[in-house]
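1. what follows is a predicted protein model with its sequence.
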Amino acid sequence: MRIGQRGRKPDDFRQWLAGVGAFLLIALPVSVLHVGGVQVCLFHRLTGLPCLTCGSTRALAALAAGDVAGAFSQQPLAVAVTIALGAVFAAYTFCLVAVRRRLFVRLEPNEWRVAGLALAGLALLNWVYLVWRGV
């Protein structure tokens, strides 16, 4: 793994804004539908089993309310990934805006393979937990 940096280019900030905008365009309507009582998970509606991300909206709402233990009990993988990505996003944003540098990480093909297998294993364990809990 190689971590590097370079000077900020004008497109870097536009890409950052586009990423934040895309996240908000997806997250806000899903949250509004969830609050309105609409079940948006087609997999759960068709099979009766929880999907890989079932409970994520409730877990992230609990996390936003400060109930970390409740959030982890509802959807551990989504909460862990959200916290990790939030920390990475904060560091990246700080470097991009305050330090005016862009950070990047490059992984070798073997490292990508190991990361993919680890993520698949975590996702499988998380899904088994959700089925066991009966979400």
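-> Right, received. Where do you want to start?

2. how about the nearest residue to the residue positioned nearest the centre of the chain, chain neighbours excluded?
-> Centroid check for the chain by CA atoms, centre = their mean gives Thr82 as the closest residue, at 4.4 Å. Leaving aside its sequence neighbours, Thr82 sits nearest to Leu60 (CB to CB, 6 or more residues apart in numbering; 6.2 Å). Yep, even glycine has a C-beta here, placed from its N, CA and C like the rest.

3. show me what contacts that neighbour?
-> By CB atoms under 8 Å, 6 or more residues apart in numbering, Leu60 lies in contact with Ala71, Gln75, Ala78, Val79, Thr82.

4. next, the residue nearest to Ile83 when sequence neighbours are not counted: phi, psi?
-> Nearest residue to Ile83, sequence neighbours excluded (CB to CB, 6+ apart): Leu63, at 7.9 Å. Dihedral angles of Leu63 (phi, psi; degrees, to the nearest 10) stand at phi -60, psi -40.

5. swap in the one 4 residues further on?
-> With angles defined as degrees, to the nearest 10, Asp67 sits at phi -90, psi 80.

6. name the next helix or strand downstream of the lowest-mean-pLDDT helix or strand in the chain, please.
-> Counting by mean pLDDT, DSSP states H and E, the weakest-scoring helix or strand in the chain turns out to be strand 2-7, with a mean of 74. Downstream of strand 2-7, the first helix or strand assigned by DSSP states H and E is helix 10-35.

7. and that following helix, what's its mean pLDDT?
-> Helix 10-35 comes out with an average pLDDT of 80.

8. just how off-centre is the helix or strand that that helix is followed by within its chain?
-> Proceeding N to C from helix 10-35, the next assigned helix or strand is helix 42-47, under DSSP H and E. How far helix 42-47 lies from its chain's middle: 22 Å, per CA atoms, centre = their mean, to the nearest Å.

9. is it true that Pro50 touches Tyr129?
-> No - Pro50 is beyond contact range of Tyr129, at 9.5 Å (criterion: CB atoms under 8 Å).
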